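K.L.:
Predicted coordinates and the sequence they were generated for:
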Amino acid sequence: MKLELREITKRFGDFTANDAISIVVESGTVHALLGENGAGKSTLMNVLFGLYDPDGGEILLDDQPVEFTGPGDAMAAGIGMVHQHFMLVHPFTVAENVMLGHEDVVGPAKLLDLEAARARVREISHRFGFNVDPDAVVEDLSVGAQQRVEIIKALSRDAEVLILDEPTAVLTPQETDELLSIVKDLRDSGTAVVLITHKLREVKAVADTITVIRRGKVVGTAEPTASQEELASLMVGRDVSMTVDKGPADPGEAMLVVEDLTVVDDATQVTQLDRVSFDVRGGEILAIAGVQGNGQTELAEAILGVVPTAAGTVRLDGETVTGRSIRQALDAGIGFVPEDRTTDGIVAEFTNANNLILDLYDRAPFSKAGAISPSVVRENAQKQVERFDVRTTGIDALTGSLSGGNQQKVVLARELTRELKLLIASQPTRGLDVGSIEFVHKRIIEERDKGVACIIISSELDEVYALADRIAVMYHGRIVGIVPPDTDRDTLGLMMAGAHEEEAA
Amino acid sequence: MSASTLDAPATPETAPRSKDWRASIALGVIALISLVVFGFGSASGADTTFVVARSTDFFEVPGFTLPSQLAAILLSVVGLALAGYTAFQANQFRKVGIWVPVVYGIAIMGALLTWAGAGRDATSIQLTGLLTSSLFLAVPLVFGSLAGTLCERSGIINIAIEGQLLAGAFLAALVGSAVGNAYAGLIAAPIAGALVGLLLAIFATKYWVNQIVVGVVLNVLVVGLTSFFFSTVMSDNPDLNRPLGLASLPIPGLSGIPVIGPVLFNQNLLVYILYVVVIVLQIMLFRSRWGLRVRAVGEHPKAADTVGIKVNRTRVRNTVLGGAVAGLGGAFFTVASGLAFGKEMTAGKGYIALAAMILGRWSPKGALAAALLFGFADALRVQLGIIGSSIPSQFLAMTPYLATIFAVAGLVGHSRPPAAEGIPYKK
C-alpha cells in the first residue's frame, strides 16, 4: 500500500505545527521522520491517524483521497500507530488489549471470544518471534514487552502502514536493538513503517528514506548514508558538533568524599547501595555509568538526603552532610538535576517564573518580610530564560507545557542560580533533542571549569564519554571500578555487567 | 546522541512491593475483642436458643439451643482464623477474596448475637427471620452499589446514588399511588434515577465539573425537590402518596426448602429482579464486548479512543443506566416496603451503597456480598432491639455505619479503583 500525505497543514491558534508537509511512504520500506522535539512530527502523524483534523491538504491511499474522522477510520484503512505513551489498559491481559475495539464474540449470549484473541496474539507473536504471553497482564510486562504488545495490536488489525512514534524513548539499549530488528522484519514482510524519531543512530540503522522536519516544515530529505553530522545540522538548522569541546580538567582538592554509603529499601529490605566509596574533586566531572537500576538513582538521592542512608558518611568540603535535611544540603551547595524532570524537577502547573525560584522563594532578594516580591521573581525569570535560551511563550507560561529539552533548561537554570560546590545530574539529557543536549553539556562543563565538583549519572555511554574526567561503573549497588575516560567501550561494557576492571581489561 | 549497546544483563524490573498488614491487624484486633467480650463475657452455663424454621414452612426444622459461651468463642475463633488467613495471604503479596470480610463480619456479628441472646429463656433468635430481613434490607444497597459500579467502571464517580435512590422512591410512590398499582411505581422509579444520572453525566462529561461536587449537589437538589413536593402536592392530595405493597411471590417448590427457601424464594418481584440484574451485570461487565469497552474507558480513556471507542458517549450511557438501576432500588423504600413516601427516607443508604461498592471492589458480585454484610448488620440491629439487649439502642443503630467504616478503612487498602475515575476526558 502506498501512503501519500499532500500539503498537510495543521494550525493551533496562531501556531502552525505543520506547514504544507508532503511525504510519500511505499510499502516494504522504512520511512524516517527526523526532527527535533516540537518540530511537528507527532502532530503530522496524529493528523494521519485521524486524531486531529487537518486545516489543509489531503491524505491519499494508493492514490485515492481518503478522509479520516477518527482513529477508527484510519485503522479500518490499514494504518496502525504505536504511540509514544503506550495506549494499553494496564489491568487487562495482552489478549484483551489486542482485541479491544474490534472484539470477536461467540455464542448466543455474544460473549467475548477470548480464545480467538489469544490465538491471534500467539500467531503474530510467533511470526515475529515476540515471545509475548496472551494471558499476561500488561502492567506486569517490561516496557519493551509492552511495546511489542502495541505492535501486535496494530498488526492484528491488518495494518499495512505502521507508525512508530518515538519508539525508543523509553527503551534500554538492548530493547532498542531488538526493536530495530523487529522493524526490519516488518519491512521485509511488506509493511510500510514510518519511524518518528530524533535519534540519528536509529535512523541510520534502519531507514530507507529520511525526511527531515524543522519547525513544521520539510527542510530536506537525506539518504541513510549521510553522516550523523549532516543529519544533525539539517535537523537543527545549523552546524552541530557531535562532540563537546572540553578542555582538560584542572581538579583541585577533594570536594565530595563518600565513604561506605549504604542504602536499604524499607519495604523489601533489599540493599540498593552497598558500601559505596569514592571522591570527586572540585573542577572535575565524575561520570557514573551502568545499566539503569543498579543503584545510580539511590546514590544521587542518598547524597542529597532524599532517601535515608543505612550506613556511611558523605562529606562536602570537609563537612558531614549525612543526616541533614535536604534544605541544609542545598544550602551547603549541592545542585541536583533529578532523573525524572517532569515529576521531580518541576511543578508542571507552575509558571516558569515560579519554577525558577522553587528553592529560593523564601529568601532575599525573592522574599522580603515573608512576602514574595513578584518584580524580582519576574526579573530573575527573564534573565534566566534568556541566559539558558528557554524556548517558551513567556515567563508566565506553565513549565509543564514546554518541551522536554526546555523543561530541562528550566531545571538546570534554577539549580545553577545558587552558588554550587557539587552538581549532581541524573540522566541530564534523556529524551532531549540534539540542540538541547549540546547546550546542557556545555553548561555542565562550564560549571566544572568554575571549580564545581560534578557527578553525571548516565546510562548512555556517548554521554559518559563526552563529559567524563573519570568514569565510575556501578553494578548491583556497588562501584565495580573507577577508570580513566579513555577506557574502551568493550571494557566498560564488561564492567557494567559486573566484571572488575582487571578482568575486563 | 545515540544509545549505546552493552552486553550487560538487564536487571529484572521488579517493582518495589510492600506487605500490607493493615487489614489483618484490624481483623485480628476486632476478633480478639469479640473473643474477650462476647466469648468469655457470656455467662457460662447460659444457653442461646435459635429458631430456624417456623411451622408455616414446608416442613419444620426444630430450633436448637447452644451453650452461649462456647458458641461465641467458636465464632470469635473463626474470626481470628480469618485474620490469620489474611495475614498469610498478605505475606505472599496476595489479596483475599470478598468472601473473607463477609464471612468474618457474619461470624463476629453472630458472636454478638449469641452473647446478647444468652440466658434469655423467654426469647429466642429468629434465624430465618434475621436472614430474610438481612436480604430485604440489603436490596437498596445492592442496587445502589451496582449503580456505583456501572458509573465508576466507566470513569464517572457517582456520589449521587443517595439522590437517585430518593428520587426513585419518590416517583415510585407518586406514580404507583396515582395509577393505583404498585407495579406502575416499579416502572417509574428507574426513570427518576436515570434523570438524576443524566444530569450528573452532562455536568461531568460536557462541562468537566468536579464529579464529587456535582454528586453532592444533586443529592441536596433531590432532597429539596422531593421534600417540597412531599409537603405540597402530596400532603394536599393524600391519594398521591399511599402506602402500596408488592405482593410476595413464592416460587413453587423452591420456597419450601427450609431456611433458604423462605429467605431467597419467597420475596417480591423487586428482589427477583435484583437476582437477575446482579447475574446479568456480572457477566456483561467482565465477559461481553460492552463490558470490555466500559472498563477500558474507565481505566485508560485515551487508549479506548485510539481504538475507535467513543469515550464520553460510553460514560453518559453508563451513568444514565447506573442512575436507572439506583432509581429502581429506590422503589424499595416505598412500594416494595408497603410504605408511603417520607422526607429523606433513604437515610444515608446511598452512601453505604458506595461503601459496599468499594468493599466489593467494583464488581457486581462483590457489591452483592458487601451489601449483604451491611444488610445483616442492619437486620442484627433490629433483632437485638427485639430481644432487648443490654446495649443501648443508639449504639446498635450505629452498627451498620461502624461496619462500613471498618470495611472501607481496614479491608480495601489494596483494592484499586478504575484508574481514570473522576477525570474528565478532554481530547
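P.N.:
Structure's in. What do you need? Numbers count the residues shown, from 1 in each chain, chains lettered A, B, ... in the order given.
K.L.:
Alongside chain B, which residues does the stretch 1-150 of chain A contribute?
P.N.:
For the stretch 1-150 of chain A, the contact set with chain B under C-beta under 8 Å from any C-beta of the partner chain comprises A:49, A:51, A:70-72, A:75, A:81, A:83, A:86-92, A:96-97, A:99-103, A:105, A:109-112, A:142-143. Backbone N, C-alpha and C define where each C-beta goes, glycine included.
K.L.:
so of those residues, which ones are in helices?
P.N.:
Judged by DSSP state H, the subset of the residues of the stretch 1-150 of chain A next to chain B located in helices is A:71-72, A:75, A:96-97, A:99, A:143.
K.L.:
circling back: is it possible to mark the buried ones in the residues of the stretch 1-150 of chain A next to chain B?
P.N.:
A:49, A:51, A:70-72, A:75, A:81, A:83, A:86-90, A:92, A:96-97, A:99-103, A:111-112 (16 or more other C-beta atoms under 10 Å in any protein chain shown).
K.L.:
hang on, residue A:256 in a helix?
P.N.:
No - membership of residue A:256 in a helix is not supported by DSSP: H, G, I helix; E, B strand; the rest coil, which gives strand.
K.L.:
Next one, pLDDT for it please.
P.N.:
pLDDT, residue A:256: 94.
K.L.:
didn't residue B:202 look like it was pressed against residue B:316?
P.N.:
Yes - with contact defined as C-beta atoms under 8 Å, residue B:202 reaches residue B:316; the gap is 7.5 Å.
K.L.:
Between the two, point out the one with more neighbours.
P.N.:
Each of residue B:202 and residue B:316 has its neighbours counted (other C-beta atoms under 10 Å in any protein chain shown); residue B:316 has more, 21 against 15.
K.L.:
what helix or strand is that one on?
P.N.:
For residue B:316, the element it lies in under DSSP states H and E is helix B:311-330.
K.L.:
what is the mean pLDDT for that helix?
P.N.:
Average pLDDT, helix B:311-330: 97.
K.L.:
looking at chain A, which helix or strand does the model trust least?
P.N.:
Across the helices and strands of chain A, mean pLDDT, DSSP states H and E gives its lowest value to helix A:501-504, namely a mean of 68.
K.L.:
what about the helix holding residue B:316, distance to the chain center?
P.N.:
Helix B:311-330 sits 17 Å away from the centroid of its parent chain (C-alpha atoms, centre = their mean, to the nearest Å).
K.L.:
average pLDDT across the following helix or strand past that helix?
P.N.:
Of the helices and strands lying after helix B:311-330 in sequence (DSSP H and E), the nearest is helix B:349-359. On average, the pLDDT along helix B:349-359 is 90.
K.L.:
just stretch B:174-187 next, same as before
P.N.:
94.
K.L.:
After whichever helix or strand residue B:116 is part of, which helix or strand is next?
P.N.:
Residue B:116 belongs to helix B:99-117 when assigned by DSSP H and E. Using DSSP H and E, the helix or strand that directly follows helix B:99-117 along the chain is strand B:125-126.
K.L.:
contacts for that following strand?
P.N.:
With C-beta atoms under 8 Å, 6 or more residues apart in numbering or on different chains as the test, strand B:125-126 has contacts from B:48-51, B:113, B:117, B:383, B:387.
K.L.:
So which of those residues are in strands?
P.N.:
B:48-51 (DSSP state E).
K.L.:
Adding distance to chain A and neighbour count as columns, could you present the contacts of strand B:125-126 in TSV?
P.N.:
Shown next, in TSV, are these (distance: C-beta to the nearest C-beta, whole Å; neighbours: other C-beta atoms under 10 Å in any protein chain shown):
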residue	distance to chain A	neighbour count
B:48	46	25
B:49	47	17
B:50	42	18
B:51	42	17
B:113	39	25
B:117	45	26
B:383	40	22
B:387	46	16
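K.L.:
Can you lay out the residues you listed as JSON lines showing distance to residue B:218?
P.N.:
Shown next, in JSON lines, are the contacts of strand B:125-126 (distance: C-beta to C-beta, whole Å):
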{"residue": "B:48", "distance to residue B:218": "46"}
{"residue": "B:49", "distance to residue B:218": "48"}
{"residue": "B:50", "distance to residue B:218": "44"}
{"residue": "B:51", "distance to residue B:218": "44"}
{"residue": "B:113", "distance to residue B:218": "38"}
{"residue": "B:117", "distance to residue B:218": "43"}
{"residue": "B:383", "distance to residue B:218": "35"}
{"residue": "B:387", "distance to residue B:218": "40"}
